[in-house]
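the sequence and its predicted three-dimensional model are supplied below.
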Amino acid sequence: MKAARPTTIAEETLEFKAFWEIWRPIMHKNDGRGAARDEFFRHVEIRGANPQDIVDGARWYVRTGGNGEYKLHAQTWLNRRAYEDGCEQERAFQARLAETAAKRTAHPPKPIIQPEQAKEDREAIARRVYERLGMTAPSEVH
């Protein structure tokens, strides 16, 4: 027996909740959660869509500004199956971010020279310069 489709917020799956959290900042004032929920589960149950594809596709749609000034309702966006292309683009974007982050951590930062060490280094350099010039360093005159 097939599980009943969620009809309340308390019954929603984690995937739908993630989708709605992503979609909420760009939603219309009349973009209904209930209609979006029904459409989300229709795509998952009947069309066999992967819920993670829908979440990743929505993330890409929101990140890229959607259709500019012509924002879609969640239900319309789902019916267009825009998530099918958007999910691949989002995953490619996330892979590039991970690659960039890995490159940054592959080369550890140069060690910071402590002030005492820097002073010693400056004095040693100054002594060598004075020695090359055949002079006595001012720090050694005392």
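Done, it's in.

quick one: the nearest residue to W20 once chain neighbours are set aside from R132, how far?
Spatial nearest neighbour of W20, chain neighbours left out: R33 (6.3 Å); criterion: CB to CB, 6 or more residues apart in numbering. The C-beta positions use only the backbone N, C-alpha and C, and glycine is treated the same way. Taking CB to CB, to the nearest Å as the criterion, R33 is separated from R132 by 78 Å.

hey, which helix is longest across this protein?
With secondary structure taken from DSSP state H, the chain has its longest helix at helix 83-106.

and it, what's buried?
Y83, G86, C87, Q89, E90, R91 (16 or more other CB atoms under 10 Å).

relative to G48, which of those residues is nearest.
Closest approach to G48 among the buried residues of helix 83-106 (CB to CB): Y83, at 12.7 Å.

excluding chain neighbours, what is closest to the closest one?
G57 (2.8 Å).

for M27, same thing?
In space, M27 is closest to A74, 6.6 Å off (CB to CB, 6+ apart).

swap in I54?
Y83 (4.6 Å).

gap between that neighbour and R59?
With CB to CB as the criterion, Y83 and R59 are 10 Å apart.

now do D53
11 Å.

cool, A18 as well?
9 Å.

show me which of those two is the more surrounded one.
When A18 and R59 are compared for neighbours, R59 comes out ahead with 22 against 18, by other CB atoms under 10 Å.

which parts of the chain belong to which domain?
Domain assignment of the chain by automatic domain parsing yields the ranges 9-109, 112-142.

so which of those domains is the most packed in?
Among the domains of the chain, ranked by average contacts under mean count of other CB atoms under 10 Å, first place goes to domain 9-109 (a mean of 15).

now it: mean pLDDT?
Domain 9-109 shows a mean pLDDT of 87.

mind checking what secondary structure R81 has?
Of the three states, R81 takes coil according to DSSP: H, G, I helix; E, B strand; the rest coil.

now do it against R132, distance only.
75 Å.

all helices for the chain, in order.
Counting by DSSP H, one finds helices in the chain at the ranges 14-23, 33-45, 51-63, 74-79, 83-106, 115-132.
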